[in-house]
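Trainee: A predicted structure for the sequence below; I have some questions about it.
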Protein chains: 2
Amino acid sequence: MSLIVQKFGGSSVADAESIKRVAKRIVETRKAGNEVVVAVSAMGDTTDELIDLAHEVTPIPDAREMDMLLTTGERISMALLAMAIKSLGHEARSYTGSQAGMITDAQHGAARIVDVTPVRVREALDEGAIAIVAGFQGFNRDSRDITTLGRGGSDTTAVALAAALNADVCEIYTDVDGVFTADPRVVPRAHKIDTITSEEMLELAAAGAKVLYIRAVEYARRHGVTLHVRSSFSPAEGTLVINPTEGEKVEEPIITGVAGDLSEAKITVVGVPDVPGKAAEIFTIVAKTGANIDMIVQNVSAAATGLTDISFTLPKSDGQKVLTTLKAEQPEVGFQSLQYDDQIGKLSVVGAGMRTNAGVSAQLFTSLSDNGINIEMISTSEIRISVVTRADSLAKATQVVHTAFGLDSDGEAKVYAGTGR
Amino acid sequence: MSLIVQKFGGSSVADAESIKRVAKRIVETRKAGNEVVVAVSAMGDTTDELIDLAHEVTPIPDAREMDMLLTTGERISMALLAMAIKSLGHEARSYTGSQAGMITDAQHGAARIVDVTPVRVREALDEGAIAIVAGFQGFNRDSRDITTLGRGGSDTTAVALAAALNADVCEIYTDVDGVFTADPRVVPRAHKIDTITSEEMLELAAAGAKVLYIRAVEYARRHGVTLHVRSSFSPAEGTLVINPTEGEKVEEPIITGVAGDLSEAKITVVGVPDVPGKAAEIFTIVAKTGANIDMIVQNVSAAATGLTDISFTLPKSDGQKVLTTLKAEQPEVGFQSLQYDDQIGKLSVVGAGMRTNAGVSAQLFTSLSDNGINIEMISTSEIRISVVTRADSLAKATQVVHTAFGLDSDGEAKVYAGTGR
């Protein structure tokens, strides 16, 4: 008998009919002899609607009260789901984040889970019942207040429960069939990945893949939880996200997937005096804004001028505040000017096999240049290579790279051992 | 400095604009130097909408889950109200029934309050904050589940808080100016009562007056809480519902108010053998159905037949089940037939002054017969006389009695001491 945690998002429980459909799915899993725990999001657009309602009342809603308000969304869906399951003849009970033992810090709107003690959930399972838990929320012991977990909160709730209950798998139900080798809307020949390591999934998510939240993947990785990303509209197997133990032989395609990201912009600090400490000064200033810096490139300085340019990428939403902050510090730092480029695209190839295979960078750069796509910045990690191109080249770049690495659904995935990169 | 509890119903907080308006009202009360606690209902028709949503999912929603679902309504309004007050510059915090220490029994959907320990509310007040409490809900210690209090729950929450916190007054905000001498829609010349004893209010509410729930008035009476029923649309004084101590001289109009009730029906058990125990047998059978019997009349039996008729009134909604149950027991009891009359109206006059004044019944019966209205049943208590007439005579009966007792807004209210009734 397995213990399965299932997570259903807002679109899966958008109305009464969907809730009844999901209830049937849950009951099937239970009937197969499994212990079942479900984490559920608010119905449809409820969370956004509640946020709008709050803003109708005041432009600056209090954070504690906002969490009290937003958590009603998951309470509504979990209660309805439990009702639906009971009407199918199976015992089911709903639990709020607090009742399920999701203990968090006091950061309203972005709380971190500090402990998970799902005593009542375990009791329910022991009595043969299905436990439904409200996603996205927890309880802070110090203030005795309800908190919400921020974006990806329901996925994180599911994974945290799976970890605490020692679940055999955590199924994340979504509206796509699984994790794909690339966004199928950009690369029609992308195909579903059967198995991917959590390390690769993390890189793919960080690189722009939207099917799972980085935070939930991180939690799963840290606690050894196996994820199964699958479709709520079909019984087909989806993508397993696994945590292979050290030395465990896992077949590693060189490249597992390709991700594109159009959400970043590039800032270039032009004409920085090439003296020790200038880069540190600039990034200390930027860090104070709280902006999330991604790629950094420092050009070799021109001997004649003793000046250099430093470029970095960041989310477009952070662009304005960083520009303003740097501009204010221009006299102090002494750079000549700032350039802002929001027409960049970031392409990433991810694959654990990269570690043991030579020539991946070469293959990447060649396939791009063969197709007339210019590379402006490069950034790498152990299992990921990212390049920056023009935004309007990103779609084509994604397609050609996908093909070059044999990921096209009618192509052969290349798997072989090699020596270094 | 006074401690004031204020209760706002669903129509007072129906949308963002109303919430902001109520927030201003609350802040004014606070600014006047009072400690303020607010009990609030769900916005508008939220509760009914949630009930409908549950029934879309299943015809037989589980009671525990229904309470989890319905309590989100008050959580939403209390959080929005706290946000609105904070945006006006005053500290405010919302508390669920559980957080506010409303401890109940386990009866989902109709829980009784067993204890009130508003520790966190008192702490908030001590810190100078306004406390907003979700109405209609509490917490059961044994099951550790959230419960709802049933009809009149938010009024009861407010009164219970007022009792536990030793409030100076509990203001019930509604959409009428106060308690009236009769329903103004039936008796245009009805006027607002300035002060009424809780005993009279109880009788008026039981007799059909809809402005306050019997349950909340009972709680206030038992715990000595003063109620102030007033309009949320006007700053004018409403009606004070007081608990005069024994011997306290309170000016007592003979008749405080007149109430009409069209919600009852009459069942006549025809041809009951006039032997000891038959009435007991009949009402024991009826009691098993759980129906709420109101007035009972047993005719004097006809010597010739040795048979008698027994009539009683009850809510129309209980009519069918009682008829069915009695019919099934007909052979056992031995009556001849059953009659069902759902065209009755019940008129009640209420007044503490009745205790010390003769002639009230006479005046009542005379005014009715003078206007051609036939009396079919009579029932009395210390401070109330009720009569049953034809339903289509009820409006006229209410008006003539209102006038006969000097309650018309241009008439003189009769106040004098007398001897007996």
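Mentor: Good, I have the coordinates.
Trainee: Please tell me how far residue A:263 sits from chain B.
Mentor: Counting by CB to the nearest CB, to the nearest Å, the gap from residue A:263 to chain B is 31 Å. (Each C-beta comes from the backbone N, C-alpha and C, glycine too.)
Trainee: right, I mislabeled it, should have said residue A:386
Mentor: 42 Å.
Trainee: Check residue A:371 too.
Mentor: Going from residue A:371 to chain B by CB to the nearest CB gives 53 Å.
Trainee: which residues does that residue contact?
Mentor: By CB atoms under 8 Å, 6 or more residues apart in numbering or on different chains, the contact set of residue A:371 is A:396, A:397, A:400.
Trainee: shouldn't the first one be in contact with residue A:374?
Mentor: No: because the distance of 11.9 Å does not satisfy CB atoms under 8 Å, residue A:396 is recorded as not touching residue A:374.
Trainee: tell me which residues of stretch A:348-362 are tucked away?
Mentor: A:348, A:349, A:350, A:351, A:352, A:353, A:354, A:357, A:360 (16 or more other CB atoms under 10 Å in any protein chain shown).
Trainee: Among the contacts of residue A:371, which lie within helices?
Mentor: Secondary structure from DSSP state H places A:396, A:397, A:400 of the contacts of residue A:371 in helices.
Trainee: give me the low-pLDDT residue ranges for the stretch 101-250 of chain A?
Mentor: A:247, A:249-250 (pLDDT under 70).
Trainee: no, scratch that, I was asking about the stretch 251-400 of chain A
Mentor: In the stretch 251-400 of chain A (pLDDT under 70), the answer is A:251-252.
Trainee: Check whether the closest residue to residue A:191 other than its chain neighbours sits in a helix, strand or coil.
Mentor: Once flanking residues are discounted, residue A:191 sits nearest to residue A:409: 3.9 Å by CB to CB, 6 or more residues apart in numbering or on different chains. Using DSSP: H, G, I helix; E, B strand; the rest coil, the structure places residue A:409 in coil.
Trainee: And residue A:409, how close does it get to chain B?
Mentor: Distance, residue A:409 to chain B, by CB to the nearest CB: 39 Å.
Trainee: So residue A:396 and residue A:374 - more neighbours on which side?
Mentor: Higher neighbour count among residue A:396 and residue A:374: residue A:396, with 16 against 12, using other CB atoms under 10 Å in any protein chain shown.
Trainee: Pull the contacting residues for the more buried one.
Mentor: Residues near residue A:396 by CB under 8 Å, 6+ apart: A:371, A:373.
Trainee: ok, back up a step: quick check, nearest of the ones in helices among the contacts of residue A:371 to residue B:230?
Mentor: Comparing these against residue B:230 with CB to CB places residue A:397 closest, at 69.5 Å.
Trainee: Looks like that closest one contacts residue A:347 (just checking).
Mentor: Yes: assessed by CB under 8 Å, residue A:397 is found in contact with residue A:347 at 5.0 Å.
Trainee: Next, the contact list for residue A:150, please.
Mentor: A:109, A:110, A:111.
Trainee: go with 7 Å
Mentor: Each residue near residue A:150 by CB atoms under 7 Å, 6 or more residues apart in numbering or on different chains is listed here: A:109, A:110.
Trainee: cool, and residue A:156?
Mentor: Residue A:156 touches A:113, A:149, A:215, A:216, A:219, counting by CB under 7 Å, 6+ apart.
Trainee: where do the strands sit along the stretch 201-350 of chain A?
Mentor: A:227-231, A:239-242, A:257-261, A:264-273, A:296-298, A:307-315, A:337-341, A:344-350 (DSSP state E, counting those that start in this stretch).
Trainee: Distance to residue B:298 added to these, as JSON lines?
Mentor: As requested, the strands of the stretch 201-350 of chain A are exported to JSON lines (distance: least, CB to CB, whole Å):
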{"stretch": "strand A:227-231", "distance to residue B:298": "71"}
{"stretch": "strand A:239-242", "distance to residue B:298": "78"}
{"stretch": "strand A:257-261", "distance to residue B:298": "86"}
{"stretch": "strand A:264-273", "distance to residue B:298": "88"}
{"stretch": "strand A:296-298", "distance to residue B:298": "96"}
{"stretch": "strand A:307-315", "distance to residue B:298": "83"}
{"stretch": "strand A:337-341", "distance to residue B:298": "93"}
{"stretch": "strand A:344-350", "distance to residue B:298": "88"}
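Trainee: interface residues of chain A facing chain B?
Mentor: Those residues of chain A that sit near chain B, judged by CB under 7 Å from any CB of the partner chain, are A:16, A:19-20, A:53-54, A:56-58, A:60-62, A:65, A:68-69, A:72, A:75-76, A:79-80, A:82-84, A:86-87, A:94.
Trainee: Okay, and which of those residues map to helices?
Mentor: The helices, defined by DSSP H, take in A:16, A:19-20, A:53-54, A:56-57, A:65, A:68-69, A:72, A:75-76, A:79-80, A:82-84, A:86-87 from those.
Trainee: Now restrict those residues to buried residues only.
Mentor: The neighbour-count test (16+ other CB under 10 Å) marks A:16, A:19-20, A:53-54, A:57, A:65, A:68-69, A:72, A:75-76, A:79-80, A:82-84, A:86-87 as buried among those.
Trainee: quick one, phi/psi of the closest residue to residue A:254 other than its chain neighbours?
Mentor: Leaving aside its sequence neighbours, residue A:254 sits nearest to residue A:353 (CB to CB, 6+ apart; 3.8 Å). Here is the backbone geometry of residue A:353 (degrees, to the nearest 10): phi -70, psi -20.
Trainee: most distant residue from the middle of chain A?
Mentor: Here chain A reaches farthest from its C-alpha mean at residue A:304, the gap being 45.2 Å by CA atoms, centre = their mean.
Trainee: how close does it get to residue A:274?
Mentor: Here residue A:304 is placed at a distance of 11 Å from residue A:274 (CB to CB, to the nearest Å).
Trainee: what's the answer for residue A:306, then?
Mentor: 5 Å.
Trainee: Need phi/psi at the residue lying closest to residue A:141 once chain neighbours are set aside.
Mentor: Once flanking residues are discounted, residue A:141 sits nearest to residue A:103: 6.1 Å by CB to CB, 6+ apart. Per-residue torsions, residue A:103: phi -100, psi 130 (degrees, to the nearest 10).
Trainee: Thought residue A:142 was touching residue A:103, still the case?
Mentor: No: using CB atoms under 7 Å as the test, residue A:103 is too far from residue A:142 to be in contact (10.2 Å).
Trainee: Just say helix, strand or coil for residue A:109.
Mentor: coil.
Trainee: how close does it sit to residue A:337?
Mentor: 37 Å.
Trainee: gap between the spatially most central residue of chain A and residue A:229?
Mentor: Note on chain A: the residue nearest the mean C-alpha position is residue A:213, at 2.3 Å, using CA atoms, centre = their mean. Applying CB to CB, the value for residue A:213 to residue A:229 is 11 Å.
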